[in-house]
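Visitor: Sharing a model prediction with you, sequence too.
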Amino acid sequence: MFFEDPLALTLSPGEREMMVGRAPPYDCTMTEREFLNGLEMRICRELAGLKDKELCALWCDGLSAETFFPHELGTRIVGRAWIGKDGQGKWEFELIVRRRIGAWEDVPWDELLPAEDVTGWMSVDLEGKILKMDPAVTYPDADSLR
């Protein structure tokens, strides 16, 4: 339906609720969902490339960002991850962002996805079921240089 006057268009409460909080900024090239889907696949490839047999048997079947904690020197985004040999173990993840983010819609998702030819950005705590990621501390992956 076309409306001549955009102010005449009113949203239902459910529609308003869906729009609040996580709308991407106009200059963002990647949405939160696109980032999480891409990071899920990137985690699987990083795990598969690890030398430790126990770790390389794991894979990730999904991520859900829940909240973030801004600090003076950066921001921690935390959430749930489904990781395991069957991809269904309930884990926590922490993503380090090396800049302060004041609002969810200001997260630079497209800048946080690690490139394919780098490693060192992820640490795995098997006992605590915690995945920590810091895309700013990568280094070239020797296997990708061959």
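Guide: Arrived safely, thanks for sending.

Visitor: CA only for contacts and neighbour counts going forward, please
Guide: OK.

Visitor: how about the strands of the chain, start to end?
Guide: Using DSSP state E, the strands found in the chain span residues 59-71, 74-84, 90-97, 118-119, 122-125, 130-133, 139-140.

Visitor: Tell me which of these lies nearest to residue 49.
Guide: Closest to residue 49 of the strands of the chain is strand 118-119 (CA to CA; 9.5 Å).

Visitor: coming back round to it: any chance of TSV for the strands of the chain, columns mean neighbour count, distance to residue 112 and mean pLDDT?
Guide: Formatted as TSV, these follow (neighbours: other CA atoms under 10 Å; distance: least, CA to CA, whole Å; pLDDT from 0 to 100):
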stretch	mean neighbour count	distance to residue 112	mean pLDDT
strand 59-71	17	13	94
strand 74-84	19	11	96
strand 90-97	20	8	97
strand 118-119	19	13	96
strand 122-125	14	12	96
strand 130-133	20	10	98
strand 139-140	12	15	94
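
Visitor: Just put those strands in JSON lines and tack on distance to residue 49.
Guide: JSON lines is the format used below for the strands of the chain (distance: least, CA to CA, whole Å):
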{"stretch": "strand 59-71", "distance to residue 49": "11"}
{"stretch": "strand 74-84", "distance to residue 49": "15"}
{"stretch": "strand 90-97", "distance to residue 49": "19"}
{"stretch": "strand 118-119", "distance to residue 49": "10"}
{"stretch": "strand 122-125", "distance to residue 49": "12"}
{"stretch": "strand 130-133", "distance to residue 49": "16"}
{"stretch": "strand 139-140", "distance to residue 49": "13"}
